[in-house]
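Trainee: coordinates only, sequence not included:
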């Protein structure tokens, strides 16, 4: 039996030359419920053949910290921030309904039951598909994050100007 | 009709995996090759149509049977 035409109006350009070929995601949040769509949209952009870049800034940088790293930062304030909000993709909290970790545990269980890839798995796929992961230099300094604290495969840290120039002719999402 | 070069079993997978895995598989094929994708995610109907439009690959066949959506894509 034939599948009915999808009811949704899909905003895809008929002519390829008109379609956006670049996607820039500004990943500012480190909440699990925002990092997930960052990773879903990045992998999908790459699947669509878009040149895809994620610019990680502020709390967004925490999902790039190695999972086994407990405390980051050089001074007591930076260390305190990492203590209150442990970095690493496996340790992200929910923006809503966190309940001291019960919320994220439930979300991860639901995702597993529904065969939804975890943010960590999607990040690996993004890297495999050529998505550029670019950390924000200023926030790295602010939070005292060092390159060795963070996962492999990241691009050189840049500033807001380089990111905005990259975003000039791209679809830009702020998540 | 040409034969299917590769079949992707995407049953049970949720967004964005059916499209991501299809894109990865199509990359390995030659132009004109046919790939068959089997999915159970109802959202994949809209997504496969959109993906083909966006990438220029041709969706030559789509059907549904017992909750399994079948897409045949010809690589650009």
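Mentor: Looks like it came in fine. This one's a predicted model, so the numbers in the text were calculated from it and none came from an experiment. Residues are numbered from 1 along each chain as shown, chains lettered A, B, ... in the order given.
Trainee: Hmm, residue A:140 and residue A:57 touching each other?
Mentor: No. Residue A:57 is not in contact with residue A:140 according to CB atoms under 8 Å; the separation is 9.3 Å. Heads up, the C-betas are built off the backbone N, CA and C, glycines and all.
Trainee: okay, those two: which has more neighbours?
Mentor: Neighbours per residue (other CB atoms under 10 Å in any protein chain shown) separate residue A:57 from residue A:140, with residue A:57 holding more: 23 against 20.
Trainee: Just list the residues touching the nearest residue to the more buried one once chain neighbours are set aside, thanks.
Mentor: Setting aside the residues directly before and after it, residue A:57 is nearest to residue A:136 in space (CB to CB, 6 or more residues apart in numbering or on different chains), at 3.7 Å. Residues in contact with residue A:136, defined by CB atoms under 8 Å, 6 or more residues apart in numbering or on different chains, are A:55, A:56, A:57, A:58, A:60, A:61, A:157, A:158, A:159, A:160, A:163.
Trainee: Which residues does residue A:136 form beta bridges with?
Mentor: residue A:158 (DSSP bridges).
Trainee: what residues are shared contacts of residue A:57 and residue A:140?
Mentor: Shared between the contact lists of residue A:57 and residue A:140 (criterion: CB under 8 Å, 6+ apart) there are no residues.
Trainee: Now the most centrally placed residue in chain B: phi and psi?
Mentor: The centroid of chain B falls nearest to residue B:37 when counting by CA atoms, centre = their mean (4.1 Å). With angles defined as degrees, to the nearest 10, residue B:37 sits at phi -120, psi 130.
Trainee: So what sits opposite it in the bridge?
Mentor: As assigned using DSSP bridges, the partners bridged with residue B:37 are residue B:8, residue B:71.
Trainee: Can you tell me how far it is from residue A:134?
Mentor: With the distance defined as CB to CB, to the nearest Å, residue B:37 ends up 32 Å from residue A:134.
Trainee: show me what contacts the residue lying closest to residue B:58 once chain neighbours are set aside?
Mentor: Computed as CB to CB, 6+ apart, the closest residue to residue B:58 that is not its neighbour in sequence is residue B:74, at 4.2 Å. Residues near residue B:74 by CB under 8 Å, 6+ apart: B:32, B:33, B:34, B:57, B:58, B:60.
Trainee: From those, pick the one nearest chain A.
Mentor: residue B:57 (9.6 Å; CB to the nearest CB).
Trainee: Isn't that closest one up against residue B:72?
Mentor: No. Residue B:57 is not in contact with residue B:72 according to CB under 8 Å; the separation is 10.7 Å.
Trainee: Which residue is the nearest non-sequential neighbour of residue A:82?
Mentor: Counting by CB to CB, 6+ apart, residue A:82 lies nearest to residue A:72, which is 4.5 Å off, once chain neighbours are set aside.
Trainee: Any idea which residue of chain B lies closest to chain A?
Mentor: residue B:23 (3.5 Å).
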